[in-house]
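Sequence plus the predicted model coming up.
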Amino acid sequence: MHRYPSPVSYTRYRWWRHPTAVVAASYLVGAVPFSNLMARRRRGVDLRTVGSGTVSGTSLYGVAGFGALATAGICDVAKGSVGPLLAGRERPALQAMACGVTVAGHNWSPFLGGAGGRGISPAIGALAATAPAGAVALLVGMTLGRLGGETAIGSLVADVTLVPLLARTDGRRGKLAGGAVVGVMLPKPLAGNAPAADGPKWRTYASPPVPARDPAKPGP
């Protein structure tokens, strides 16, 4: 009788599921700055030059409104799922690494000279493909924070509870994925971004440790 390869061994026949390819794809897809691309298209604005310089959905909302935010947000969430889906549930350690690397690419994008967002949207997408309870937790934290005008604070609270929650709901897989995402997301509100898009690249990593605040609601 013909024996089919196991799920783990079968990945050897698909080069795009090789661990190196998964990690590289996770980072490059995660680094695509949809919010900044939308801000440039709609308003001709580079989000690195606005407010805290964070290239995020909340910054985009302040510049271009809800329609632009919704479009870019869908893309950012979708890109977060690419790496974890390529890794597959049969490889929880690689899947967790893909989650973390995707968020890292978003937060410190090479396409933006090391600037980026807070990682919330791609983290939601990554966890939706890995440990869905984590995606719900981040979405609730982001929503409550947004309603209170402090998205970064709301997301920070969700980050703190993420690993214990996922360890309970998804066991080892959840603990690994939650830890990978939180380990990348927590430093971002403190690191910030360089306020000037054309400034020295090192400033992106040496900005004052002040969490980014939500921008004011755009005018008509």
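Sure, I can see it. Computed from a prediction, not measured in an experiment: that's the story for all the values here.

if I pick residue 163, what's in contact with it?
Applying C-beta atoms under 8 Å, 6 or more residues apart in numbering to residue 163 gives the contacts 175, 178-179, 182. Glycine gets a C-beta too; all of them are placed from N, C-alpha and C.

Highest neighbour count among those residues?
Ranked by the number of neighbours (other C-beta atoms under 10 Å), those place residue 178 first, at 29 neighbours.

So it sits against residue 166, correct?
Yes - between residue 178 and residue 166 there is a contact under C-beta atoms under 8 Å: 3.9 Å.

Quick check: neighbours shared by the two?
Applying C-beta under 8 Å, 6+ apart, one finds that residue 178 and residue 166 are jointly contacted by 127, 131, 134.

With distance to residue 24 added, can I get these in CSV?
CSV is the format used below for the shared contacts of residue 178 and residue 166 (distance: C-beta to C-beta, whole Å):
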residue, distance to residue 24
127, 21
131, 23
134, 24
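
Closest to residue 104 out of the contacts of residue 163?
Closest approach between the contacts of residue 163 and residue 104, by C-beta to C-beta: residue 182, at 12.2 Å.

what secondary structure does the closest one sit in?
For residue 182, the assignment made with DSSP: H, G, I helix; E, B strand; the rest coil gives helix.

Quick check: it vs residue 158, distance?
The gap separating residue 182 from residue 158 is 9 Å, by C-beta to C-beta, to the nearest Å.

Please apply the same query to residue 71.
24 Å.

Looking at those two now, which is surrounded by more residues?
Applying other C-beta under 10 Å to residue 71 and residue 158 shows that residue 158 carries more neighbours, namely 25 against 17.

and that one, what does it touch?
The contact partners of residue 158, by C-beta under 8 Å, 6+ apart, come to 137-138, 140-142.

which of the residues in the host helix or strand of it are buried?
With secondary structure defined by DSSP states H and E, residue 158 is part of helix 151-185. Using 16 or more other C-beta atoms under 10 Å as the burial criterion, the residues of helix 151-185 that qualify are 151-156, 158-159, 162-163, 165-167, 169-170, 173-182, 184-185.

one step back: in CSV, list the shared contacts of residue 178 and residue 166 along with distance to residue 39, pLDDT and secondary structure.
Output for the shared contacts of residue 178 and residue 166, formatted as CSV (distance: C-beta to C-beta, whole Å; pLDDT from 0 to 100; DSSP: H, G, I helix; E, B strand; the rest coil):
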residue, distance to residue 39, pLDDT, secondary structure
127, 26, 97, helix
131, 31, 96, coil
134, 28, 95, helix
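
ChimeraX command for the buried members of those?
Listed next is the ChimeraX selection for buried residues among the shared contacts of residue 178 and residue 166, using 16+ other C-beta under 10 Å:
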select :127,131,134
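
out of the shared contacts of residue 178 and residue 166, who's nearest residue 108?
Looking across those and measuring by C-beta to C-beta, the closest to residue 108 is residue 127, at 19.6 Å.
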